[in-house]
Every structure is written in C-alpha cells, then in structure tokens.
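Visitor: just a sequence and a predicted model for now, questions to come.
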Amino acid sequence: MKVLGIHGSPRRGGNTELLLKEFLRGCMEGGAEAEEVFLRELKISPCLEIYACRKRGECPIQDDMKPLYQKLVDADILAVASPVFFFAVSAHLKAMIDRCQALWARKYLLGQRVAPGRTGRKGIFLAVGGAKLEKIFDGPLLTMKYFFDALDRTFDRALLYKGIDEKGEVRRHPTAMTEAYALGKKMVEKNSECRIRNAE
C-alpha cells in the first residue's frame, strides 16, 4: 500500500510537519510504504489559466509539478498537511492544488477516470491554525473537499487543531500527536481489510 504525504508548510519542522510525520509513522508501522513531498523545496508555478489542459487533461507547464501528478494519482492514501493562512491553505499548497486543474479537466471535461481501475483511494487533511475562531477551518476544508474530488478520492477525514502557532507547539497539545499516529495506523489497517474482503 502506498501512502503519500504532502507537506504544505513553508516552515521547516513546523507543527503540520510534525503532525504529518507522526501520521506517516503510524502508516509505516501498519505496513504501508510512505513517501513525503515538501512543497517548499519544489518550484511550482501557479496555474496560468491558458486552458491547454482542456484538450488532453495534461498541464503544459514544465516544472516540478510534472512528476508529482503521477504520485498524487498512484497513492492509495494521500495525506495533505497545511497551516491556515487567512482562512486558507498555504500558498505552496494552493499552487499545487490549482495545478490539479488538469486532473479536474480530465475527469469533468474529458470524461476520463483519473485512476482507472482503482477504488478505495482516500484523502486525509491535517491542519493547524493559530487563532481559535469558530470558522477558521471552513475555507481549507472546502478547498480540500473539491481537491480530493478532482483526484477521484474520498475525503475520509481531517484532523484540525486551533490555537497552535509557535514552532513545535503541537507537541504540547494533549492529543494531537497521538491522534495523528493512531489515524495513520488505522487507515492502513482499514484499507488492508477492505482489500482482503474484495479479494475474497
């Protein structure tokens, strides 16, 4: 089973990075193969809205997004982590999501399956916000809902933590790290059980 973790934070060793690493640790201990991608280390142009993707479902921009498309499609579990900036995901993550307009076009304009023959692919979102406002995660959740849909994935669940801002502060949260690890392990075990049932 393949698990892909997308780090959307610009900060090294930040709170969402710690959460995602703990989630992936749970996945690996559950028996999965995990890979991490740090968007801050990649050169990804924003979508230029030239609509070339409407013809073949492929983006013509040649940059670090190119090899990432197949990773996003192939992973059985896609876990995305981001801090909240102005009620939205990070700029790094939003650029990647916008470039997935090519996959949206493939699915909704060209009528093609993004991952033919693949079922049960899941999406997980991990987020941290410095403020404690009631609707702080509303924007990011809507973004992730339609992002996972464009990738033909089920948005399985999200782990969301308010009032965490300083670097490493998430470690002092009473449940966050434990919940991230437990969710990773549970997701792999659950998907493995589904595969066994389908095989029978």
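Guide: All right, it came through fine.
Visitor: can you pull out the low-pLDDT segments for the protein?
Guide: 192-200 (pLDDT under 70).
Visitor: now do the helices in this protein.
Guide: 15-29, 53-56, 66-74, 91-99, 101-104, 138-150, 176-199 (DSSP state H).
Visitor: and stretch 92-106, how far apart are its ends?
Guide: One end of stretch 92-106 sits 23 Å from the other (CA to CA, to the nearest Å).
Visitor: so what touches it?
Guide: 6, 8-10, 39-40, 44-47, 53-54, 57-59, 61, 65, 68-69, 72-73, 80, 82, 88-89, 112, 114, 143, 147, 150-151 (CB atoms under 8 Å, 6 or more residues apart in numbering). Where C-beta positions appear, they are placed from N, C-alpha and C, glycine not excepted.
Visitor: now that stretch, how far from the centre of its chain.
Guide: Stretch 92-106 sits 12 Å away from the centroid of its parent chain (CA atoms, centre = their mean, to the nearest Å).
Visitor: ok so, going back, the contacts of stretch 92-106, buried ones only, as a ChimeraX selection?
Guide: Selecting the buried subset of the contacts of stretch 92-106 in ChimeraX, with 16 or more other CB atoms under 10 Å as the burial test, is done by:
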select :6,8,9,10,39,40,44,47,53,57,59,61,65,68,69,72,73,80,82,89,114,143,147,150,151
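Visitor: follow-up on the earlier one: for Asp156, find the nearest of the helices of the chain.
Guide: helix 176-199 (7.1 Å; CB to CB).
Visitor: that'll do, ta.
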